Every structure is written in C-alpha cells, then in structure tokens.
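*Asks:* next comes the sequence, and after it the predicted model I'd like to discuss.
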Amino acid sequence: MMQRTNKLRWIMVLFILWLHVSLIDLFLISSSGAKLLLQQNLTFKTIIVHISVAALATLVIWSAHRLQLMLCRRKQ
C-alpha cells in the first residue's frame, strides 16, 4: 500500500508541475498588454517541452528526497 501511495505522490507532483509550466506559458505579458497564446500552446512540440520540463523537475525533486532519506538513515 505504501508503494502505491508513494508512486501516486510522484505522479501528482509531475502533473502539478506540468500544469504549472503550461499555465505560465499560456500568457504573454508585455508593455502592450496580456495576450493568450492558446493555439501556440496546443502544438505537439510545446506539449512535449512542457512534459519534459516537468519530468526533469520531478526527477530533481525525487533525487533530493532520496538523498535526504539516505542521509537521515545514515545519521541514525
């Protein structure tokens, strides 16, 4: 049960990071005002880039978490 919860946690982190990156990239704010870039964000290339960025960020967070767990176990 713990493995399933842990796996679900990392999938949720990946999804939240992907959503965050996609929403940030959805708007262009310049001196002339805000623009919605919906059509550019729905291209295959953009979606792949967003998923890649979210996956890389999740990998960094997961690695830091594993390192922290390993250091705590070594301390005991």
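*Replies:* Great, that's in hand.

*Asks:* distance of residue 32 relative to residue 65?
*Replies:* 42 Å (C-beta to C-beta, to the nearest Å). (Each C-beta comes from the backbone N, C-alpha and C, glycine too.)

*Asks:* which one of these two has more residues nearby?
*Replies:* residue 65 (13 against 7; other C-beta atoms under 10 Å).

*Asks:* give the buried residues for the helix or strand containing the more buried one.
*Replies:* Assigned by DSSP states H and E, residue 65 belongs to helix 44-75. Using 16 or more other C-beta atoms under 10 Å as the test for burial, helix 44-75 gives 50, 53, 54, 57, 58.

*Asks:* I'd say the last one and residue 17 touch.
*Replies:* Yes. Shown here, residue 58 and residue 17 form a contact pair, counting by C-beta atoms under 8 Å, at 6.0 Å.

*Asks:* intersection of neighbour lists for these two?
*Replies:* Taking C-beta atoms under 8 Å, 6 or more residues apart in numbering as the contact rule, residue 58 and residue 17 touch no residue in common.

*Asks:* as a whole number, average confidence for stretch 58-70?
*Replies:* In this model, stretch 58-70 has an average pLDDT of 95.

*Asks:* what's the first-to-last distance across stretch 32-51?
*Replies:* In stretch 32-51, first residue to last residue: 30 Å (C-alpha to C-alpha, to the nearest Å).

*Asks:* how about stretch 27-36?
*Replies:* End-to-end distance (C-alpha to C-alpha), stretch 27-36: 5 Å.

*Asks:* figure out how far that stretch is from the centre of its chain.
*Replies:* 24 Å (C-alpha atoms, centre = their mean, to the nearest Å).
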